[in-house]
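**Student:** here is the input, now give the coordinates:
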Amino acid sequence: MRAMVVTEQGGPEVLQVQERETPEPGDGQVRVDVAAAGVNFVDIYQRSGTYPMDTPFVAGSEGAGTVSAVGPGVTDVAVGDLVAWAMVPGTGYMEQAVLAADRVIPVPDGVGAEQAAAVMLQGMTAHYLVESTFPAQEGQTALVHAAAGGVGLLLCQMLSAKGVRVIGTTSTPEKAELARGAGADEIIFYREQDVVTEVRRLTDGAGVDVVYDGVGKSTFDAGLDVLKPRGMMVLFGGSSGPVPPLDPQVLNAKGSLFLTRPSLAHYVADPAELRERAGAVLGQVAAGTLDVRIGGRYPLEDAAAAQTDLESGTTTGKLVLLP
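**Tutor:** Alright, predicted model coming up:
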């Protein structure tokens, strides 16, 4: 079977297709024929060296496919089941993957492999952000950066369904249309408009209750400036680069603000919480209440192009590989 391997940390050119033996599941494991794999910023961070990794390693940590073998002791998953997973390093960009049975989630009827692979990581991210990190409520106002991105579109939908007023930032009219279609009430074109000025105008100077920021360096300071007193900055990514160190006194001066830097790994570490959170997200997709936009499909050998496109900031929705 083929796998896309990071031979050393560096640019996209370090991604190389390698032939490997078909893996066999051990105790408590399953083997899955991978139908689709998600492409995420964490893959880029691991490949580039932003997150140090021992090389070589198989890229990716998210996918969906059909179980082709089960190891001893596995009773909840059977050969032929369609399953999905996320946050399992070394199991994405490949034709066959072996995973612990308690990390794979049954995909409900009505949800395809591509949808499942596209929504697991980003869908659970949006879910924990609005349900656990900052439990959003009707009547509140949220600022969502990169509102037409994979997580952004899901955040807009989930927040809108809760009755939250959503202000989204995008770069183009085309992306603005997508964000509005997902539930954004107002759009700020961050390349042409000053975010702080526009948020103050749209909220009559009050500011927002929460900022969901997966962009990082280029948006962080403005996000603090638009929060209401005792508002929360939820920094969950850094696509523009890491945020410089911050003096906590700044949070006091700007209104006793809250700052958190959450990670999905800590919200799905417990298998029971993983099943509950993934089940909720996939259930919404199956019910038609959560739309998953796949912004690009790539063969396995074009993984470098997929990562380059994602890093460019020109894509919308989720990019997937089709091994």
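**Student:** what's the pLDDT at the nearest residue to residue 240 once chain neighbours are set aside?
**Tutor:** Spatial nearest neighbour of residue 240, chain neighbours left out: residue 218 (4.0 Å); criterion: C-beta to C-beta, 6 or more residues apart in numbering. Bear in mind the C-beta positions are built from the backbone N, C-alpha and C, glycine included. Per-residue pLDDT puts residue 218 at 96.
**Student:** give me the neighbour count for residue 218.
**Tutor:** 15 (other C-beta atoms under 10 Å).
**Student:** just confirm it is within a strand.
**Tutor:** No - Residue 218 is assigned coil when assessed by DSSP: H, G, I helix; E, B strand; the rest coil, not a strand.
**Student:** which stretches of this structure form helices?
**Tutor:** Taking DSSP state H, the helices of the chain run over residues 41-48, 113-128, 150-161, 173-181, 195-202, 220-225, 249-253, 271-287, 303-312.
**Student:** and the fifth one, how far from the chain's centre?
**Tutor:** The reference is to helix 195-202. Here helix 195-202 shows a centroid-to-chain-centroid distance of 27 Å under the convention C-alpha atoms, centre = their mean, to the nearest Å.
**Student:** please identify the buried residues of it?
**Tutor:** 195-196, 198-200, 202 (16 or more other C-beta atoms under 10 Å).
**Student:** of all those, which comes closest to residue 304?
**Tutor:** Ranked by distance to residue 304 (C-beta to C-beta), the buried residues of helix 195-202 are led by residue 195 at 32.5 Å.
**Student:** quick check: that closest one vs residue 6, distance?
**Tutor:** 35 Å (C-beta to C-beta, to the nearest Å).
**Student:** circling back: so which of the buried residues of helix 195-202 is the closest to residue 248?
**Tutor:** Set against residue 248, the nearest of the buried residues of helix 195-202 by C-beta to C-beta is residue 196 (21.2 Å).
**Student:** hang on, that closest one packs against residue 224?
**Tutor:** No - here residue 196 lies out of contact with residue 224, judged by C-beta atoms under 8 Å, at a distance of 9.6 Å.
**Student:** just send the buried residues of helix 195-202 back as TSV, with distance to residue 184 and pLDDT too.
**Tutor:** Putting the buried residues of helix 195-202 into TSV (distance: C-beta to C-beta, whole Å; pLDDT from 0 to 100) gives the following:
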residue	distance to residue 184	pLDDT
195	14	98
196	18	98
198	13	98
199	13	98
200	18	98
202	12	98
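**Student:** residue 232 - nearest residue in space that isn't next to it in sequence?
**Tutor:** residue 258 (4.2 Å).
**Student:** count of residues packed around the one you found?
**Tutor:** 13.
**Student:** equivalent analysis for residue 264, please.
**Tutor:** Look at residue 264: counted by other C-beta under 10 Å, it has 22 neighbours.
**Student:** contacts only, for it.
**Tutor:** By C-beta atoms under 8 Å, 6 or more residues apart in numbering, the residues touching residue 264 are 86-87, 121, 124-125, 128.
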